[in-house]
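Q: Got a predicted model here, sequence first, then my questions.
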Amino acid sequence: MEQDESLSLVLFSGTDDKLSAAAVLAAGAAAMGRRVNIFLQYWALDAFRKGQPGVDHGFAPDATPAAAEMVRAHNSAPWSEVLAQAKDIGDVDIQACALSMDAFKLSRDDLDPLVDGVEGVAAFMASATGAVVFI
Amino acid sequence: MSIAVEQITETLDCRGMACPGPLMAMIGKIRQGAVGNVFEILSSDEGSKTDIPAWVAKAGHELVEVIPETGYARFIVRKTH
């Protein structure tokens, strides 16, 4: 499949709804042959600590209790599973922000295997050609 | 164009799976399969109606037929390369 423009996602929020939305975007882009660069900052990085995917991270403040209940009852796959599928079928690179790693006093070994490495912001920007989506 | 049931190499029942599950499952299967194989994907996901044709076109395979059923659709795809 011919390679089109890459998709670059900066994940900041660590709630399950935003991570799911990001995972679905990544999966769609990967399916269509686009490289996906993901940069994990702050609360998103926290959700990628070892053992954290699969834990309930709640929803964004936009979620009303009734709507949140509908999303919880829906049969959609967990975001970590969708990201793993995206990595299986396509070219998806997930990097932890070095600044956030430092703030949380984390090392590479503290992160879930979905994360490919730790990068400074300039290195991420070098691979993130084109638009960057902030979630 | 229609395809006889006996020409189908493999059926993938993705009914009940949410978007983008059926697409992800289908891509894996088609990549593993042999050229010329015909896959039947059953999906109740609304997204599949746009996503499966989009992926098949992009990947350069052949969407033989889409058959609407009650509550789901059957997508017939031939792996061409």
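A: Done, it's in. Numbering: from 1, shown residues only, chains lettered A, B, ... in the order given.

Q: Could I get the phi/psi values of the residue sitting furthest away from the middle of chain B?
A: Among residues of chain B, the one most distant from the C-alpha centroid is residue B:70; the distance is 16.9 Å, by CA atoms, centre = their mean. Backbone geometry at residue B:70, expressed as degrees, to the nearest 10, gives phi -70, psi 110.

Q: How many residues are close by the closest residue in space to residue A:43 that isn't next to it in sequence?
A: Distances taken as CB to CB, 6 or more residues apart in numbering or on different chains place residue A:14 nearest to residue A:43, at 3.1 Å, with adjacent residues excluded. All C-beta atoms are positioned from the backbone trio N, CA, C, and that covers glycine. Residue A:14 sits with 20 neighbouring residues when counted by other CB atoms under 10 Å in any protein chain shown.

Q: Now residue A:14, what are its backbone angles?
A: Torsion angles, degrees, to the nearest 10, at residue A:14: phi -110, psi 20.

Q: can you pull the contacts of it?
A: The neighbours of residue A:14, taking CB atoms under 8 Å, 6 or more residues apart in numbering or on different chains as the test, are A:42-47, A:57.

Q: do stretch B:5-17 and chain A meet at all?
A: Yes: legend: contact between stretch B:5-17 and chain A by CB under 8 Å from any CB of the partner chain is shown at B:16-17.

Q: Could you do stretch B:50-67 as well?
A: Yes: contact of stretch B:50-67 with chain A (CB under 8 Å from any CB) involves B:51, B:54-55, B:58-60.

Q: These in strands, which ones?
A: Using DSSP state E, no member of those falls in strands.

Q: right, and residue A:31 touches residue B:20 too?
A: Yes: contact criterion CB atoms under 8 Å: residue A:31 and residue B:20 qualify, at 6.9 Å.

Q: what is in contact with those two at once?
A: The contact sets of residue A:31 and residue B:20 overlap at residue B:51 (CB under 8 Å, 6+ apart).

Q: neighbour-wise, which of those two wins?
A: Just comparing residue A:31 and residue B:20: by other CB under 10 Å the higher neighbour count belongs to residue B:20, 29 against 23.

Q: Any figure for the gap between the more buried one and residue A:26?
A: As for residue B:20, its distance to residue A:26 is 10 Å (criterion: CB to CB, to the nearest Å).

Q: hey, what's in contact with both of those two?
A: By CB under 8 Å, 6+ apart, residue B:20 and residue A:26 have these common neighbours: residue A:82.

Q: Would you map the helices across chain A?
A: With helices called from DSSP state H, chain A shows them at A:16-31, A:42-47, A:65-73, A:79-89, A:98-103, A:121-127.
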